[in-house]
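Asks: how would this look folded up:
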Amino acid sequence: MPFSPVTRPIRHTAGALVLLLTAGLSLGAGAAPAMASAHTTQVTFQAHWSDSGPNVESILVENADGTDGHCWLLYSTPPPFGNREWMTKTVRLPFPGRFQIFSYNNPFCDLAHYYAGSQGTIDTGRWQKWSVYATRPPKMYL
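Replies: Sure, this is the predicted structure:
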């Protein structure tokens with residue numbers, strides 16, 4: 001016996017309702033679409049290379065509470081002698097916010113090569129360009 005015109009729309013509506021409820025539950029449970037990406041922020045660090053003074057070769061970037069960090073190499077090799085330029089490195093951080101920055105005079109962020117006084121907090125929610133130094137905390141730059 002064929003479906004009556006009255007019951008057919010109800011069945012289609014029920015199927016659509018089940019589909020919408022399933023989609024809503026998966027979104028509510030935190031299931032993200034395959035193309036979704038985490039929110040990141042791009043930050044540029046710069047350091048001045050001096051032929052005679054202390055130079056920052058790498059920086060350790062830690063989250064505000066110090067539980068996670070990453071060492072970024074600013075120079076793979078020193079610039080040619082006499083070339084006193086500001087060297088830059090652009091990195092992606094996992095989220096905008098506050099980070100602790102530590103400067104080192106070797107490429108591996110070894111504690112033995114940490115520059116005392118170079119540690120400072122940056123806020124990438126306020127600014128995305130920072131100068132790092134061997135003798136003082138990071139500063140915003142234009």
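
Asks: After the least confident helix or strand in the chain by mean pLDDT, which helix or strand is next? Please name it.
Replies: Among the helices and strands of the chain, helix 7-28 carries the lowest confidence by mean pLDDT, DSSP states H and E, at a mean of 44. Using DSSP states H and E, the helix or strand that follows helix 7-28 in sequence is strand 41-48.

Asks: buried ones in that following strand?
Replies: Neighbour counts over strand 41-48 (16 or more other Cβ atoms under 10 Å) mark 43, 45-47 as buried. Quick note: C-beta positions are derived from backbone N, CA and C, even for glycine.

Asks: neighbouring contacts of it?
Replies: Contacts with strand 41-48, where a contact means Cβ atoms under 8 Å, 6 or more residues apart in numbering, come from 55-56, 59, 72, 74, 84-93, 95-96, 101, 103, 122, 124-125, 128-133, 138, 141.

Asks: That strand pairs with which strands, parallel or anti?
Replies: Strand 41-48 has its sheet partners listed here by DSSP bridges as strand 86-93 (antiparallel), strand 129-131 (parallel).

Asks: Could you list every helix and strand in contact with the next helix or strand after that strand?
Replies: Counting by DSSP H and E, the element after strand 41-48 in chain order, helix or strand, is strand 58-63. If you count contacts as 3 or more Cβ pairs under 8 Å, 6 or more residues apart in numbering; DSSP states H and E, strand 58-63 packs onto strand 69-73, strand 98-104.

Asks: Now strand 58-63: average pLDDT?
Replies: Averaging pLDDT along strand 58-63 yields 95.

Asks: Send over it as CSV, restricted to the C-alpha atoms.
Replies: Provided in CSV are the C-alpha atoms of strand 58-63 (Å, rounded to 0.1, in the frame of the first residue of the first chain):
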residue,chain,number,x,y,z
SER,A,58,68.6,32.1,19.9
ILE,A,59,65.6,32.8,22.0
LEU,A,60,63.4,30.6,24.2
VAL,A,61,59.7,31.4,24.0
GLU,A,62,57.7,30.0,26.9
ASN,A,63,54.0,30.4,27.6
